[in-house]
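>>> Here is my input, please return the structure:
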Amino acid sequence: MKYITTIDDKEFEIEIVDEHHVRIGERLLQVDFESVNGQPVFSLILDGNSHEGFVYQGEEDWEVLLRGQQYQVKIEEERERRLRAAAGGGIAEGGEFHLKSPMPGLVVNVAVEEGQAIKKGQVMIILESMKMQNELKAPRDGTVGRIRVKAGETVEQKQTLLSVH
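The predicted model follows:
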């Protein structure tokens, strides 16, 4: 099965070859991907290198937190994408986006204010979890709406932290 995966405006063609192999472009990689204790924490072994990350489904895309960096990942089945493109379907960048916590943690810093204009990729909140600080970034340009947390607060996974218009 082939998928088109978009990460930070870069597209990757990914083919799931079998249970332990994926092809990204022309590269064939050996993978082992397991959930840790039923949590949104995953262990990924990619060509012998071990990685740990948080993966959860956001409102529109998947949210992936890896090495202290948050990524928004859009995954489309190749066939569905071709059909949608033929039908003239586009992706809307408008509307309200709710930034949700990818894991339980402590809000270390809220780096934006309500009404502030922001750019895609700008750090909005720093969240500490498992002794690691994670930068939660703006998924697109916009204006900060309501901020629902402040520094020093403990948050739960999937709790709404702020909105972007």
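
>>> State the helix or strand in which Val149 lies.
Assigned by DSSP states H and E, Val149 falls within no helix or strand.

>>> Tell me, how many residues neighbour it?
Per other Cβ atoms under 10 Å, the neighbour tally for Val149 reads 18. (Glycine included, C-beta is placed from N, CA and C.)

>>> so it sits right up against Val108, yeah?
No: using Cβ atoms under 8 Å, Val149 makes no contact with Val108, being 10.9 Å away.

>>> quick one, domains of this structure?
2-86, 97-164 (automatic domain parsing).

>>> For the protein, name the helix or strand with the lowest mean pLDDT.
helix 78-86 (a mean of 71; mean pLDDT, DSSP states H and E).

>>> Which residues are in contact with the closest residue to Arg146 other than its chain neighbours?
Nearest non-adjacent residue to Arg146, counting by Cβ to Cβ, 6 or more residues apart in numbering: Ser163, 5.4 Å away. Neighbouring residues of Ser163 by Cβ atoms under 8 Å, 6 or more residues apart in numbering: Glu96, Phe97, His98, Leu99, Val144, Gly145, Arg146.

>>> how about JSON lines for these, with secondary structure, distance to Ile14 and neighbour count added?
Shown next, in JSON lines, are the contacts of Ser163 (DSSP: H, G, I helix; E, B strand; the rest coil; distance: Cβ to Cβ, whole Å; neighbours: other Cβ atoms under 10 Å):
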{"residue": "Glu96", "secondary structure": "coil", "distance to Ile14": "30", "neighbour count": "11"}
{"residue": "Phe97", "secondary structure": "strand", "distance to Ile14": "25", "neighbour count": "20"}
{"residue": "His98", "secondary structure": "strand", "distance to Ile14": "27", "neighbour count": "15"}
{"residue": "Leu99", "secondary structure": "strand", "distance to Ile14": "26", "neighbour count": "26"}
{"residue": "Val144", "secondary structure": "strand", "distance to Ile14": "33", "neighbour count": "21"}
{"residue": "Gly145", "secondary structure": "strand", "distance to Ile14": "34", "neighbour count": "16"}
{"residue": "Arg146", "secondary structure": "strand", "distance to Ile14": "36", "neighbour count": "11"}
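
>>> Of the residues you listed, which is the nearest to Gln39?
Leu99 (20.4 Å; Cβ to Cβ).

>>> Do I have it right that that closest one meets Met124?
Yes: if you go by Cβ under 8 Å, Leu99 and Met124 touch, sitting 6.5 Å apart.
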